[in-house]
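K.L.:
Starting from these lines, generate the structure:
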Amino acid sequence: MTKKKVIIVGSGVAGLASALRLNHAGYEVVVIEKHHQAGGRLNRIVKDGFTFDTGPSFFSMSYEFRSFFKECGLDLPFEAIALDPLYTVHLAGSDTPYHLYKDIQKLSKQFEAVEPDFEKKMNHYLSKSGKLFHDTFNPVIRNNFDNLFQYVQKLARVNLIHVPVLTRTFWEEICRHFDSKEAREIISLVGFFLGRTPFDTMGIYSLLSYTEFVHDGYYNVKGGMYEIVHSMVKILEQRGVQIQYNTEIVSHTSTTNQLTAVIDQHGNAHTADHFIINSDAAAFRGEVFGRKSYSKKKLDKMSWTMGYLTIYLGINIKLKDINHHNYYLGSNYEQYKSDVKNHDLKGEKPYYYVNVLSKNNPDCAPEGCESLFFVCPVPNLNDKPNWDDQNEIVDSLIRDFSERNGIDIFPSIISKTVYTPLDWKSQFNLYHGSGLSLSPSMFQIGVFRPKNFDEVYSNTFYAGASTVPGSGIPMALISAELVCKRVYAFDNA
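P.N.:
Model (predicted):
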């Protein structure tokens, strides 16, 4: 029997995972990628003897990877390394960093002077967020929904004790459990991991605190995060899956209810029985399929995550006193409540992150050097379309980092690459340069998020951050699982 052919547009984690699943199930798979290499946001820069991860620098829910590879007949093809401490937080005006240990007793000792009974409060908070996680994750996250009725049916089975948290922001939920500025800011940091701030992220995402401290924690990958992508691509190539790089899909052909081909920038038509779009599920519908419900005007009315300013520095000195994962908070952290779109990016930064990849991966930098990766949340292109001032903003970040660590790294910089939201948009098709696609707001999650099946073409499906279940590496794996179930159901109907 002739194998059915699936074209996957985009080679992010969800696209690659879908390719592996479908190949294992006996489909012929071709992956089409705009960039010169696979990975989407989870990418890599190799330059001047340095290696930099471009996007995610650690991941949670490691069991999702193990389960995924097992279902594809494989062992985990990369080495995952558990983090403890999870990361280090540096507060403005303090020379003493906070190390976020999973051991709550050990963590609590650092808060003794500022948050009485921290251990008791933290355990109570984690117990509550743990119940929220276990009551909602499988019924809501791991399921496909064809319509609102199905979604409401699943939600109706969730314990009603969690309803009040739906009315609060992440920050408001944190403030119910902790009193000190230090504890509130540090524990709320995970709210940024969804692409917004703790002040406009829904309180239900306090379940993320449980995932980081109790459930499974965070993991690095030996050799850098891109080893995840590299290992998946290697397996696909060994199995005969073709990946076409430097190929952007710009148009299509179709019948009334079936997609027949996607057209690349050179006018080449790529035909298949099924299509999975691992590009932005909202923007692709509007820009390539020309759907009125996803016109630019309607896309702009949607809520998008913040942009990211990312800086990749190679320096010819070692930073002995700086850990692998570091968050730097400004004295103006709470200003994110009101002016995240209008904040003076050349001034004090409420929040930024620095990853020293070479700290535990010496091959990622020449001997005696360090590989640094800065991430600073910034307005997306809808709110800040002009980045002519990027050099001033970048210098202000490097200056702040230097001052806080008591060492001027400017003279030691021998490699420098900067991505603004403009670069994220042009290289990876991120709408408005939004770092994590659509915001996970109340009416942009679950059944309200762009569906993972097309409304017109019955043989077309979607996977990735902008469809269900949402953004993040574990969610990409689940997204692949859900979209493949759609394909199997279509063929078995």
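K.L.:
okay, CA-based contacts and neighbour counts for the rest of this
P.N.:
Noted.
K.L.:
And for residue 414, the neighbour number?
P.N.:
A total of 13 residues lie near residue 414 under the criterion other C-alpha atoms under 10 Å.
K.L.:
Test my guess that it contacts residue 315.
P.N.:
Yes. Applying C-alpha atoms under 8 Å, one finds residue 414 in contact with residue 315, separated by 5.6 Å.
K.L.:
Let me know the average pLDDT across stretch 278-288.
P.N.:
What stretch 278-288 shows for mean pLDDT is 97.
K.L.:
swap in stretch 150-162?
P.N.:
Averaging pLDDT along stretch 150-162 yields 90.
K.L.:
Just the terminal-to-terminal distance for it.
P.N.:
Terminal residues of stretch 150-162 lie 20 Å apart, using C-alpha to C-alpha, to the nearest Å.
K.L.:
Return the residues in contact with residue 314.
P.N.:
By C-alpha atoms under 8 Å, 6 or more residues apart in numbering, residue 314 lies in contact with 50, 365, 369, 370, 371, 372, 413, 414, 415, 416.
K.L.:
Give me the distance between the residue lying closest to the first one once chain neighbours are set aside and residue 485.
P.N.:
In other words, residue 50. Distance criterion C-alpha to C-alpha, 6 or more residues apart in numbering; nearest residue to residue 50, sequence neighbours excluded, is residue 365 at 4.6 Å. Distance, residue 365 to residue 485, by C-alpha to C-alpha: 42 Å.
K.L.:
Then residue 234?
P.N.:
In terms of C-alpha to C-alpha, residue 234 sits 24 Å off from residue 485.
K.L.:
Residue 29 too?
P.N.:
Distance, residue 29 to residue 485, by C-alpha to C-alpha: 16 Å.
K.L.:
Looking at the two, which one has more neighbours?
P.N.:
Taking neighbours as other C-alpha under 10 Å, residue 29 and residue 485 compare with residue 29 leading, 25 against 15.
K.L.:
Is the more buried one within a helix or a strand, and which one?
P.N.:
Secondary structure assignment for residue 29, by DSSP states H and E: strand 28-32.
K.L.:
and what of residue 436?
P.N.:
Judged by DSSP H and E, residue 436 forms part of no helix or strand.
K.L.:
Verify the stated contact: it with residue 305.
P.N.:
Yes. Proximity of residue 436 to residue 305 meets the contact threshold set by C-alpha under 8 Å, at 5.8 Å.
K.L.:
Check the contact lists of those two and give me the overlap.
P.N.:
Common neighbours of residue 436 and residue 305 (C-alpha under 8 Å, 6+ apart) are 194, 195.
K.L.:
does residue 99 really touch residue 85, like I thought?
P.N.:
Yes. Contact criterion C-alpha under 8 Å: residue 99 and residue 85 qualify, at 5.9 Å.
K.L.:
just the helices in the stretch 301-450 of the chain please.
P.N.:
Using DSSP state H, counting those that start in this stretch, the helices of the stretch 301-450 of the chain run over 336-339, 390-405, 421-428.
K.L.:
And the longest one, how far out from the chain middle?
P.N.:
Helix 390-405 sits 24 Å away from the centroid of its parent chain (C-alpha atoms, centre = their mean, to the nearest Å).
K.L.:
Need the contact partners of stretch 25-44.
P.N.:
Contacting residues not belonging to stretch 25-44 are listed as 3-13, 15, 19, 22-23, 51-56, 225-226, 229, 233, 241-249, 427-428 [C-alpha under 8 Å, 6+ apart].
K.L.:
Recalculate using a threshold of 7 Å.
P.N.:
3-13, 19, 23, 52-56, 226, 229, 241-248, 427-428 (C-alpha atoms under 7 Å, 6 or more residues apart in numbering).
K.L.:
Give me the neighbour count for residue 135.
P.N.:
Burial of residue 135 is recorded as 16 neighbouring residues (other C-alpha under 10 Å).
K.L.:
My error: substitute residue 322 in the last question.
P.N.:
14.
K.L.:
Specify the residue ranges that define each domain of the chain.
P.N.:
5-46+54-80+222-302+437-492, 104-216, 307-428 (automatic domain parsing).
K.L.:
Could you identify which of these is most buried?
P.N.:
domain 5-46+54-80+222-302+437-492 (a mean of 20; mean count of other C-alpha atoms under 10 Å).
K.L.:
Show the end-to-end separation of that one, please.
P.N.:
Domain 5-46+54-80+222-302+437-492 has an end-to-end distance of 15 Å (C-alpha to C-alpha).
K.L.:
next one: stretch 465-473
P.N.:
9 Å.
K.L.:
How about residues contacting it?
P.N.:
Residues from elsewhere that reach stretch 465-473, judged by C-alpha under 7 Å, 6+ apart: 59, 141, 194, 280-282, 436-438, 446, 449-452, 475-476, 479.
K.L.:
Closest one to residue 173 out of the contacts of residue 314, please.
P.N.:
Set against residue 173, the nearest of the contacts of residue 314 by C-alpha to C-alpha is residue 372 (33.3 Å).
K.L.:
re the thing from before, for the strand holding residue 29, what is the average pLDDT?
P.N.:
Averaged over strand 28-32, pLDDT sits at 98.
K.L.:
Ignoring the adjacent residues along the chain, who's closest to residue 420?
P.N.:
With C-alpha to C-alpha, 6+ apart as the criterion, residue 420 has its nearest non-adjacent residue at 4.7 Å, and that residue is residue 309.
K.L.:
Please name the bridge partners of that neighbour.
P.N.:
residue 376 (DSSP bridges).
K.L.:
Provide a list of residues in contact with it.
P.N.:
Taking C-alpha under 7 Å, 6+ apart, we find residue 309 in contact with 375, 376, 377, 378, 419, 420, 421.
K.L.:
so can I have CSV of the residues you listed showing distance to residue 358 and pLDDT?
P.N.:
Output for the contacts of residue 309, formatted as CSV (distance: C-alpha to C-alpha, whole Å; pLDDT from 0 to 100):
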residue, distance to residue 358, pLDDT
375, 16, 97
376, 20, 95
377, 23, 93
378, 26, 93
419, 20, 98
420, 23, 98
421, 25, 97
